[in-house]
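K.L.:
here you go, sequence then predicted model.
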Amino acid sequence: MIQRLQSIFLFIAALSMGLILFFPIWQKSSLEPSERAILTAFHLKYESNDVDAGQGEVLFEKNTIYIGLFALISTAISIFSIFQYKNRLFQIKLGALNSLVMAITMGIVIYFIFKAEPLLAQEYQGSYLFGFYLIVSGMMSNLVSNRFIRRDEKLVKSMDRIR
C-alpha cells in the first residue's frame, strides 16, 4: 500500500536527501576583500572575488564527496523502504538505518563547517543555506514515517489479539 501516510513521509525524506546534491549547505563571507567559503555536497571551496576585474580565484578547495555519498545512500534507503510496506518490521529496521545514515551525513557536514570556520575572519558568522535545512527536513520526515510504521504494526498486532 504505497498510498499510506508513512510512504509520503519516506518520499519527502528521499526527496530532501536527494536535493542536497544540488543546493549549497553553508556559506561564510567577508566584506572587505570579497572572500567567501562555501560548502556543497561535493566540495568546500574558499575563493576570493576580484570585483574590479570581475573574476574569482579559488584559494582552497577540499573534496567533500562523503556528504553526497551518504545523502545518496539515504535517498536509496528511503526509496527502498517505501516498497517494503508488506514487511513492516524490516521497514522499521530500514528506518533506523536511514536515521543513522542521516546522522552521519549531518555529522560530516558539521565537521566540515567547523573546519571551514577559521578560513575567514572570526568576526563574521557563517550562514546555513537551503541544503542544511534539507538534511533537517529529511531527518524529521524519516522520524515521522517511523512513528507511523510503528503505529501500523501495533494496530495489526492488536487486531491479531482480537481474533
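P.N.:
Arrived safely, thanks for sending.

K.L.:
name the element the residue nearest to the spatial centre of the chain belongs to?
P.N.:
In the chain, the residue lying closest to the centroid (C-alpha atoms, centre = their mean) is Ile135, at 2.8 Å. Per DSSP states H and E: Ile135 is located in helix 130-162.

K.L.:
that helix - what's its average pLDDT?
P.N.:
For helix 130-162, the mean pLDDT works out to 91.

K.L.:
re earlier: measure the closest residue to the residue nearest to the centre of the chain other than its chain neighbours to Glu57 for me?
P.N.:
Excluding the flanking residues, the one nearest Ile135 by C-beta to C-beta, 6 or more residues apart in numbering is Met106, at 5.5 Å. For the C-beta atoms, the positions are set from N, CA and C on the backbone; glycine is no exception. Distance, Met106 to Glu57, by C-beta to C-beta, to the nearest Å: 31 Å.

K.L.:
comparing those two, which residue is more hemmed in?
P.N.:
Met106 (17 against 10; other C-beta atoms under 10 Å).

K.L.:
contacts for the least confident helix or strand in the chain by mean pLDDT, please.
P.N.:
Across the helices and strands of the chain, mean confidence by mean pLDDT, DSSP states H and E is lowest for strand 55-63: a mean of 81. Outside strand 55-63, the residues that touch it by C-beta atoms under 8 Å, 6 or more residues apart in numbering are 35, 42-50, 112, 115, 119.
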